[in-house]
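J.: heads up, no residue letters with this:
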């Protein structure tokens, strides 16, 4: 539901806009909304056998549209897309996705709660973990709805700026295993010693789930139930919960890696000149407008 424009909210918006600068303000209020004009050039091609999943809601649904548009544009392929509602997706977002990607599947939170919870029956801690924090849907729901053996998970605040050849090699089977983004520092909710002591393995460090390229089998629900039973993960910091689940599952598999620095996740004020993609997180979030969307508008809005 849209926020009511009270005087207090108007003051907060004015302060935010003053802080982030005129470029971000302009491309937020003017350019970002024009994504409604974009259409996929490869819509007539056969869909890939790897699905693309994005979890989004009221705060980042337009980011997700730009992310998907940039992904489609630079890969020049037709992708089966699943948009997972975190429970707050507004009607205007559903209209936007139906306009620019009419073949995309939007999965409402009510639907996923009924279907995924039923599929997790017998794994009570997985059900609890799924409801522990909204981003947990990235871990449990994408696996459930992915129609093929491999899937791609992309965060709403990722943008692509050139052809992601490394990722397409993986899609085409020229490289195997799995790939995650390389975080700026390890942010797992469990420390390495705890994982080694309780689960008998070394924890893969610096896993960031902003971009995930993985076989569905990597998300092992029986192992996840064990992890939640034998560690205190459900009592830890929420914001790294699902990322830690991905790291734990990845740690059991040797056939995987973190993406190189050209798939950028940094807090630098400007992106690398050779960036293939950038994940706009934390204090650089507003650069998605002044840097990312500003750079992409000529490619996507011709």
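T.: Received the coordinates, thanks. These figures come from a predicted structure and were not determined experimentally. Numbers count the residues shown, from 1 in each chain.
J.: show me which positions of the helix or strand where residue 25 lies end up buried.
T.: Using DSSP states H and E, residue 25 falls within helix 22-26. Taking 16 or more other CB atoms under 10 Å as the basis for neighbour counts, the residues of helix 22-26 that come out buried are 23, 24, 25. Placement of C-beta: from N, CA and C, glycine included.
J.: may I have the distance across stretch 232-245, first residue to last?
T.: With CA to CA, to the nearest Å as the measure, the first residue of stretch 232-245 is 12 Å from its last.
J.: whoops, stretch 34-44 was the one
T.: Start and end residues of stretch 34-44 are separated by 23 Å (CA to CA).
J.: could I get the buried residues of helix 22-26 as TSV with pLDDT and distance to residue 169?
T.: Written out in TSV, the entries for the buried residues of helix 22-26 read as follows (pLDDT from 0 to 100; distance: CB to CB, whole Å):
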residue	pLDDT	distance to residue 169
23	76	35
24	73	34
25	75	39
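J.: from those, which single one is nearest residue 120?
T.: Using CB to CB, residue 24 is the member of the buried residues of helix 22-26 that sits closest to residue 120, with 40.4 Å.
J.: contacts only, for that closest one.
T.: Each residue near residue 24 by CB atoms under 8 Å, 6 or more residues apart in numbering is listed here: 17, 286, 287, 289, 290.
J.: give the helix, strand or coil label for residue 77.
T.: On the three-state scheme (DSSP: H, G, I helix; E, B strand; the rest coil), residue 77 is labelled coil.
J.: and of the contacts of residue 24, the nearest to residue 90?
T.: Proximity of the contacts of residue 24 to residue 90 was ranked by CB to CB; the top entry is residue 289 with 19.5 Å.
J.: my read: the closest one touches residue 32, true?
T.: Yes - with contact defined as CB atoms under 8 Å, residue 289 and residue 32 form a contacting pair (6.5 Å).
J.: so where do the helices sit in the stretch 151-300 of the chain?
T.: Secondary structure of the stretch 151-300 of the chain (DSSP state H, counting those that start in this stretch): helices at 165-171, 192-199, 221-230, 241-251, 287, 294-300.
J.: so where's this structure uncertain?
T.: Within the chain, the stretches falling below the threshold (pLDDT under 70) are 1-5, 7-22.
J.: excluding chain neighbours, give the residue nearest to the residue nearest the centre of the chain in space.
T.: The centroid of the chain falls nearest to residue 155 when counting by CA atoms, centre = their mean (1.9 Å). What sits nearest to residue 155 in space, not counting adjacent residues and going by CB to CB, 6 or more residues apart in numbering, is residue 210, at 4.2 Å.
J.: and that neighbour, what does it touch?
T.: Residues in contact with residue 210 (CB under 8 Å, 6+ apart) are 154, 155, 157, 158, 181, 265, 279, 281.
J.: let's go with 7 Å and repeat that
T.: 155, 158, 181, 265, 279 (CB atoms under 7 Å, 6 or more residues apart in numbering).
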